[in-house]
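Novice: Quick check, what structure comes out for this input:
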Amino acid sequence: MLPRSEIHSNLFIVCQNRVSLTYKGVLMMMNKVVASLQQEYSRLEKEMGQVGKALDALGHSGGKKLKLTGRTLSKDARRRIAEAQRLRWAKVRKAAAKLVKT
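Specialist: Modelled structure (predicted):
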């Protein structure tokens, strides 16, 4: 992988001297950039693998997988919760209307 300073200095020299690069020179620079990006990609993949392993280790308690239990509410329970929430909102709206009137 090329150090950033080398890449930037090459580009700076090209821009400063207004030298037109040959097709071969452009391809060589692009190949270096592609190789650098591929190295960085493989490094990041390796690092993400390590992060995944750490998350797996932290996500398990005593070697057992933690799972969320699905809690299914009955239709009647959902209706009661909805009604209670409607009453709470009605109370809030009533208090707000009193403030507006005064």
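Novice: Neighbours of Arg80, how many?
Specialist: Arg80: 12 surrounding residues under other C-beta atoms under 10 Å. C-beta coordinates here come from the backbone N, C-alpha and C atoms, glycine included.
Novice: so for whichever strand or helix holds Lys98, what's the average pLDDT?
Specialist: Counting by DSSP states H and E, the element that carries Lys98 is helix 75-101. Across helix 75-101, the average pLDDT comes to 94.
Novice: centre of the chain versus that helix, how much separation?
Specialist: Distance, stretch centre to chain centre, for helix 75-101: 37 Å (C-alpha atoms, centre = their mean, to the nearest Å).
Novice: Ok, stretch 35-44 next?
Specialist: Averaging C-alpha positions (C-alpha atoms, centre = their mean) puts stretch 35-44 19 Å from its chain's average.
Novice: Using CSV, write out the CA atom coordinates for that stretch.
Specialist: Below are the C-alpha coordinates for stretch 35-44, written out as CSV (Å, rounded to 0.1, in the frame of the first residue of the first chain):
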residue,chain,number,x,y,z
ALA,A,35,-4.2,-2.4,-5.1
SER,A,36,-4.2,0.0,-2.2
LEU,A,37,-8.0,-0.1,-1.9
GLN,A,38,-8.0,-3.9,-2.1
GLN,A,39,-5.5,-4.1,0.7
GLU,A,40,-7.6,-1.7,2.8
TYR,A,41,-10.7,-3.7,2.0
SER,A,42,-9.2,-7.0,3.2
ARG,A,43,-7.9,-5.3,6.3
LEU,A,44,-11.3,-4.0,7.1
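Novice: Okay, helices next: where are they in this protein?
Specialist: Under the criterion DSSP state H, the chain contains helices at 4-17, 23-59, 75-101.
Novice: can those go into JSON lines with extra columns for distance to Thr69?
Specialist: Shown next, in JSON lines, are the helices of the chain (distance: least, C-beta to C-beta, whole Å):
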{"stretch": "helix 4-17", "distance to Thr69": "51"}
{"stretch": "helix 23-59", "distance to Thr69": "16"}
{"stretch": "helix 75-101", "distance to Thr69": "16"}
